[in-house]
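> How does the following fold in three dimensions:
(chains A and B)
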Amino acid sequence: MSELLSVARVAKSFRGLKAVADVSFGVPPGAIVALIGPNGAGKTTCFNLIAGVFAPDTGSILFSGSPIHGKRPDQVCAAGIGRTFQLVKPFAGLSVLDNVIVGALERAPGVSAARRRAAEIVEKLGLGAKSDLPASALTLPDRKRLEVARALATQPQLLLLDEVMAGLRPTECDQMVEVFRALNREQGLTILLIEHVMRAVMALAQTIVVLHHGEVIARGAPGEVVRDAAVLECYLGEEVEV
Amino acid sequence: MNRRALVLGALLAAFLLALPAFAGSYLLSVATLILFFAYAGQAWNVMMGFAGQLSLGHSLYVGVGAYAAGGLFFHYGVGPWAGIWLAIALCVALGVVIGFLAFRFGISGVYFALLTIAFAEFTRIGFDHIRWLGGPGGLFLKVSQRETWDLLDLRGTPEMFYYVMLALAAAAFALCAWLLRSRAGYYWQAIREDEEAAQALGIHTFRWKMLAVVISSAMTAIAGVFFAFYYNNLFPEQIFHISRSIEIILGPIIGGLGTLFGPILGAAVLTILADGITEILAALGWEFPGVKQVFYGLVLLLVIMFLPHGIWPVLARRLGLAR
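Numbering: from 1, shown residues only, chains lettered A, B, ... in the order given. The predicted structure follows:
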């Protein structure tokens, strides 16, 4: 078992509706894997199963070889998985820096150590000039950055990114891609991302897993997946220019 | 903390310490009442202002704290400083039960508030039937007029009660200031702002919400003990009544929820204005029962409409203490 994260035959229904049906995939350590698919394919449900928001009905999720399915979100975070939310959830009344301090406290021995760590991350994500502003004053792209900063502050081995590129301009998107590439290259951070912005997916992912109706319909290197007939049919619609 | 804040803080402390020297007995009783509400408001603020858990039943802890220490004193002559531990233990136990029921079974927001009201009401009705504590007829502690301070038995002059309450309010302020800057403060505020996001950042929200309830109920128990020895008479109908819970929470809401000075400022504004209005009306020969409640309602309405974050944040900016 060489995978950092291994999702095996996981299923989850909500009142009889199968959101995720028998999904299996793995994320090797140091990899960047993208989870794509049309709306309602079960991508966010997959994330929530991994992050501990829901327990899967069947199947198992292993992280570093230990089962994490059925654990609480805070336990999953403690195990080394950080996540962002598709609908951003800033602590609106707190400053940008304080938002990130909350995340940094997960591994820091105290508030002052967490503050130093948080300041570095805020700087890295380009929010340095705004660190004293309340999070409620941020624009949507900045809120997305804050989501990432806060998750990174918990010092995860695996980062789950839920549509962090949505709403960003192409140049902002490219900057964000650069941040993730650098984290992946320099710190060996493993990333699993849900993304609709194919520009980011193609730039980042080494492997793409395609979900449709709660099932995996294709997986492989980006170049292959975007030419897969089934994927074109249900999601991409036409061949994308790469 | 800038120099201006230090100077203003020192002035306030000096004023409060010197107050009994020039204040008459009426003014001193008003000041003691203000400090009482500042203290109780500070305790409530830990739960709602910091951790975002709305309790509308804090009279429960005031009452149980008061009856625990009062009962021990009445029957066995046990002094308040021993009784305070029983008061704290009982209130924390009640808080833990309420917190467990709510947080374990996902009761939050308005439903949590209803649960806290229910517990206070049940307890009120229950105490009506405890003959040992006087039942609905009330429990009366022996009053002895003393010219000297007996801190051990909490018997003495109004000045002594004023200074005891001042010390309690100052201690509560210091404790809350420290808590707010600690890990607990950060975690509570995160839970208050977005519980799901807090969990995703590794916060065991159940545990930290419980801690807020434990600290808040223990602090409020001490307010109850003071209440018992200051007023010397306890009636379930009064002490557990929801209007007492409301009185406790109005200060922090009007002063500024989640702020350190909000509860103090709110208690001062409300008590001074409410008592002032009652006095003025009485002087004019008009007596309206319930005028205080109508006044509370009006102030609350105005503050919510024009200063939704309370008076303190605006005042702090005016005084140059915050941006």
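> Output the set of residues of the stretch 51-200 of chain B in proximity to chain A.
B:181-183, B:186-187, B:189-190, B:192-194, B:196-200 (Cβ under 8 Å from any Cβ of the partner chain). C-beta coordinates here come from the backbone N, C-alpha and C atoms, glycine included.
> Quick check: chain neighbours aside, which residue is closest to A:Gln155?
The shortest distance from A:Gln155 to any non-neighbouring residue, by Cβ to Cβ, 6 or more residues apart in numbering or on different chains, is to A:Arg107 (4.8 Å).
> Tell me the secondary structure at that neighbour.
Here A:Arg107 is recorded as coil under DSSP: H, G, I helix; E, B strand; the rest coil.
> What values do phi and psi take at it?
With angles defined as degrees, to the nearest 10, A:Arg107 sits at phi -110, psi -10.
> how many neighbours does it have?
16 (other Cβ atoms under 10 Å in any protein chain shown).
> doesn't A:Pro156 make contact with it?
No. The criterion here is Cβ atoms under 8 Å, and A:Arg107 misses it with A:Pro156 at 9.7 Å.
> How about residues contacting stretch A:54-62?
Residues from elsewhere that reach stretch A:54-62, judged by Cβ atoms under 8 Å, 6 or more residues apart in numbering or on different chains: A:1, A:3, A:5-13, A:20, A:22-24, A:45, A:48-50, A:67-70.
> Could you rerun that using 7 Å?
Defining contact as Cβ atoms under 7 Å, 6 or more residues apart in numbering or on different chains, one finds that stretch A:54-62 is touched by A:6-13, A:48-50, A:67-70.
> what's the host helix or strand of A:Ala34 packed up against?
Secondary structure assigned from DSSP states H and E places A:Ala34 in strand A:32-36. Contacts defined by 3 or more Cβ pairs under 7 Å, 6 or more residues apart in numbering or on different chains; DSSP states H and E place strand A:32-36 against strand A:190-194, helix A:198-204, strand A:207-212.
> Just want the angle from the first one to strand A:207-212.
Put plainly, it is strand A:190-194. 30 degrees (axes from the mean of the first three to the mean of the last three Cα atoms, to 10 degrees).
> average pLDDT for strand A:190-194?
If you average the pLDDT over strand A:190-194, you get 96.
> Quick one: check it for contact with chain B.
No. Strand A:190-194 does not reach chain B (Cβ under 7 Å from any Cβ of the partner chain); its nearest approach is 14.6 Å.
> So for A:Val210, what's the nearest residue that isn't a sequence neighbour?
A:Val210's closest residue in space is A:Ala218 (Cβ to Cβ, 6+ apart), at 4.2 Å.
> so which strand or helix has that neighbour?
Per DSSP H and E: A:Ala218 is located in strand A:215-220.
> So what does B:Leu139 have for phi and psi?
Main-chain torsions, B:Leu139, degrees, to the nearest 10: phi -110, psi 130.
> tell me which residues of the helix or strand of chain B with the lowest mean pLDDT are tucked away?
None of the helices or strands of chain B scores lower by mean pLDDT, DSSP states H and E than helix B:291-306, at a mean of 86. By 16 or more other Cβ atoms under 10 Å in any protein chain shown, the buried positions in helix B:291-306 come out as B:Lys292, B:Phe295, B:Tyr296, B:Val299, B:Val303.
> so how far is that helix from its chain's centroid?
19 Å (Cα atoms, centre = their mean, to the nearest Å).
> contacting residues around that helix?
With Cβ under 7 Å, 6+ apart, helix B:291-306 has contacts from B:Leu250, B:Ile254, B:Leu270, B:Leu273, B:Ala274, B:Ile277, B:Thr278, B:Leu281, B:Gly310, B:Ile311.
> give me the number of residues near the fourth one?
For B:Leu273, the neighbour count with other Cβ under 10 Å is 15.
> Quick check: it vs chain A, distance?
Distance, B:Leu273 to chain A, using Cβ to the nearest Cβ, to the nearest Å: 28 Å.
> Helix, strand, or coil at that residue?
helix.
> Then the one 3 residues further on?
For B:Gly276, the secondary-structure state derived from three-state DSSP is helix.
> Report pLDDT for it.
For B:Gly276, the model assigns a pLDDT of 83.
> other SSEs contacting the helix or strand harbouring B:Ala82?
For B:Ala82, the host element (DSSP H and E) is helix B:80-104. With contacts taken as 3+ Cβ pairs under 7 Å, 6+ apart, helix B:80-104 sits against helix B:59-76, helix B:110-127, helix B:205-231.
> Now for A:Gly110, how many residues are close by?
When neighbours are counted by other Cβ under 10 Å, A:Gly110 registers 10.
> got the contact list for it?
No contacts exist for A:Gly110 under Cβ under 7 Å, 6+ apart.
> redo that, cut-off 8 Å
A:Gly110 is in contact with B:Arg183, counting by Cβ under 8 Å, 6+ apart.
> For chain A, which segments count as strands?
Along chain A, counting by DSSP state E, strands occupy A:5-14, A:17-27, A:32-36, A:58-63, A:66-67, A:81-83, A:158-162, A:190-194, A:207-212, A:215-220.
> if we can go back for a sec, among the helices and strands packed on helix B:80-104, which is the most enclosed?
Among those, helix B:59-76 has the highest mean neighbour count (mean count of other Cβ atoms under 10 Å in any protein chain shown), at a mean of 25.
> how about that helix as CSV, C-alpha atoms only?
Once non-C-alpha atoms are left out, helix B:59-76 reads as follows in CSV (Å, rounded to 0.1, in the frame of the first residue of the first chain):
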residue,chain,number,x,y,z
SER,B,59,-30.8,33.1,36.3
LEU,B,60,-30.5,29.3,36.9
TYR,B,61,-26.9,29.7,38.0
VAL,B,62,-27.5,32.9,40.0
GLY,B,63,-30.3,31.1,41.8
VAL,B,64,-28.7,27.8,42.5
GLY,B,65,-25.5,29.6,43.5
ALA,B,66,-27.4,31.8,45.9
TYR,B,67,-29.5,29.0,47.4
ALA,B,68,-26.5,26.7,47.8
ALA,B,69,-24.4,29.2,49.8
GLY,B,70,-27.4,30.7,51.5
GLY,B,71,-28.8,27.4,52.6
LEU,B,72,-25.5,26.3,54.0
PHE,B,73,-25.2,29.6,55.9
PHE,B,74,-28.8,29.5,57.1
HIS,B,75,-28.8,25.9,58.4
TYR,B,76,-25.2,25.3,59.4
